[in-house]
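Chemist: kindly generate the corresponding structure for this input.
(chains A, B, C and D)
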There are 2 protein chains.
Amino acid sequence: MACEEAFIRQLRERGFRLTPQREMVLNVLHEIEGYATADEIYQRVQEISTSVDISTVYRTLELLQEFDLVVSMDLEDGQRRYVLLGVHGAHSHLQCRCCGALIGVSADEIEPFVEQMQAAHGFEVDVGHLMIPGVCQECREAREDS
Amino acid sequence: MACEEAFIRQLRERGFRLTPQREMVLNVLHEIEGYATADEIYQRVQEISTSVDISTVYRTLELLQEFDLVVSMDLEDGQRRYVLLGVHGAHSHLQCRCCGALIGVSADEIEPFVEQMQAAHGFEVDVGHLMIPGVCQECREAREDS
DNA sequence: TTGTCTGCAAACTATTTGCACCGAG
DNA sequence: CTCGGTGCAAATAGTTTGCAGACAA
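Modeler: Numbering: from 1, shown residues only, chains lettered A, B, ... in the order given. Predicted structure coming up:
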């Protein structure tokens, strides 16, 4: 598990400690392999061990973000989502406002757009935090049927 | 003021009423000519008339969104921003995580990207709600100087 | 042992809602 | 006159924080 190693190394380097709670949060993020709210992560951690507090989950997620192992994004429903930057590294997400689905889009695919914004505005796009709202194929088809 | 007319027409059509509070919120949005938080809008409305409640501001903003005269977006600081869709219509925003600046980008400019997502994923991008996080030119230059 | 981390509870903040009165149509 | 809209206050919901005790190193 390369990301756990990276995590432990960074913890050591900066004088932080490796606690079972931190391991559990990281493991849960690994299982999920996608976005999740703090509460969803909390629920899964609870399945493994009760008496882990939601505030610890938040604190761990903050730490993981400082280490660039996780990115967070705000959807319009007011719940922040957290994504583990796994082996694939930074990528963007299409977010369906209809069914709520999040669809991953590789950084490669976003690249032309990133370069365009760079050229036109000197703006450096943060691909890992890019959320693209809209309507997914399934929902569009469902809509056309009616 | 074309958008006020559009507003009044839609109000009438749907049996809603035109109140001074609703006019004030719309006027403030007009003055601002850009994004603003509910609280910022509330403050400006207060300058014109005290005893207008923040809940009325929220309710009016919701109404304006239903009428497609305003779009809202969530930035990572947990405060929702509201933008009046003026004469220019829907457009996207570059958001600098460094200085907080919001830079408008026309729908035309986003068009190639929209078509790409359409072709590759059948996903219909909602240009008006698209927030593109990153670092703006000024902040990048400031960073390079150090 | 030492100082970080945790659980608990309380605080915060942005937003939403219930309700009785007010006022636009 | 009617009933949609408002101000007020209280409720929510997600997230953050203070603190005393727990535990990794």
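Chemist: now do the SS call for the residue nearest the centre of chain A.
Modeler: What sits nearest the mean C-alpha location of chain A, by C-alpha atoms, centre = their mean, is residue A:83, with 1.4 Å. Classification of residue A:83 using DSSP: H, G, I helix; E, B strand; the rest coil returns strand.
Chemist: please name the bridge partners of it.
Modeler: Beta-bridge pairing for residue A:83 (DSSP bridges): residue A:35, residue A:71.
Chemist: after the lengthiest helix in chain A, which helix or strand is next?
Modeler: Looking across chain A with DSSP state H, the single longest helix is helix A:107-121. With elements assigned by DSSP states H and E, the helix or strand that comes after helix A:107-121 is strand A:124-125.
Chemist: how many neighbours does residue A:36 have?
Modeler: 22 (other C-beta atoms under 10 Å in any protein chain shown). To be clear about C-beta, it is placed using only N, CA and C from the backbone, and glycine gets the same treatment.
Chemist: again with the one 10 residues further on
Modeler: Residues contacting residue A:46 under the criterion other C-beta under 10 Å number 15.
Chemist: what helix or strand is it located in?
Modeler: Counting by DSSP H and E, residue A:46 is part of helix A:38-48.
Chemist: quick check: buried residues in stretch A:14-28?
Modeler: A:21, A:22, A:24, A:25, A:26, A:28 (16 or more other C-beta atoms under 10 Å in any protein chain shown).
Chemist: nearest to residue A:58 among the residues you listed?
Modeler: Distance to residue A:58 across these (C-beta to C-beta) is lowest for residue A:25, with 9.8 Å.
Chemist: export the very next helix or strand once past the helix holding residue A:46 to PDB, keeping only CA atoms.
Modeler: Moving toward the C-terminus from helix A:38-48, the next helix or strand (DSSP H and E) is helix A:54-66. Written as PDB, here are the backbone C-alpha positions of helix A:54-66 (Å, rounded to 0.1, in the frame of the first residue of the first chain):
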ATOM      1  CA  ILE A  54     -16.100  12.500  14.100                       C
ATOM      2  CA  SER A  55     -13.800  15.300  15.200                       C
ATOM      3  CA  THR A  56     -10.900  12.900  14.900                       C
ATOM      4  CA  VAL A  57     -12.000  12.100  11.400                       C
ATOM      5  CA  TYR A  58     -12.100  15.800  10.500                       C
ATOM      6  CA  ARG A  59      -8.700  16.300  12.000                       C
ATOM      7  CA  THR A  60      -7.200  13.400  10.100                       C
ATOM      8  CA  LEU A  61      -8.700  14.500   6.800                       C
ATOM      9  CA  GLU A  62      -7.200  17.900   7.300                       C
ATOM     10  CA  LEU A  63      -3.800  16.300   8.000                       C
ATOM     11  CA  LEU A  64      -4.100  14.100   4.900                       C
ATOM     12  CA  GLN A  65      -4.900  17.200   2.800                       C
ATOM     13  CA  GLU A  66      -1.800  18.900   4.100                       C
END
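Chemist: low-scoring stretches of chain A, by residue?
Modeler: For chain A, applying pLDDT under 70 flags the ranges A:1-2, A:87, A:145-146.
Chemist: can you list the residues of it near DNA strand D?
Modeler: A:17-20, A:37-39, A:54-55, A:58-59, A:62, A:78-80 (C-beta under 7 Å from any atom of the strand).
Chemist: of those, buried ones?
Modeler: The neighbour-count test (16+ other C-beta under 10 Å) marks A:38, A:58, A:80 as buried among the residues of chain A next to DNA strand D.
Chemist: which one of these sits closest to residue A:47?
Modeler: Taking those together and measuring to residue A:47 by C-beta to C-beta, the closest member is residue A:38, at 15.5 Å.
Chemist: shouldn't the closest one be in contact with residue A:80?
Modeler: Yes: the pair residue A:38 / residue A:80 is scored as a contact, 6.7 Å apart, by C-beta atoms under 8 Å.
Chemist: how about the residues of chain A that lie near chain B?
Modeler: Neighbours of chain B within chain A, by C-beta under 8 Å from any C-beta of the partner chain: A:72-76, A:78, A:94, A:96-97, A:103, A:105, A:109, A:112-113, A:116-117, A:120-126, A:129-137, A:140.
Chemist: can I get the buried ones among those residues as something I can paste into ChimeraX?
Modeler: Command for ChimeraX, covering only those of the residues of chain A next to chain B found buried under the criterion 16+ other C-beta under 10 Å:
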select /A:72,73,74,75,94,96,97,103,105,109,113,116,117,121,123,124,125,126,129,130,131,132,133,134,135,136,137,140
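Chemist: quick check: residue A:52 touching residue A:23?
Modeler: No: look at residue A:52 against residue A:23 with C-beta under 8 Å: they stay out of range, at 11.0 Å.
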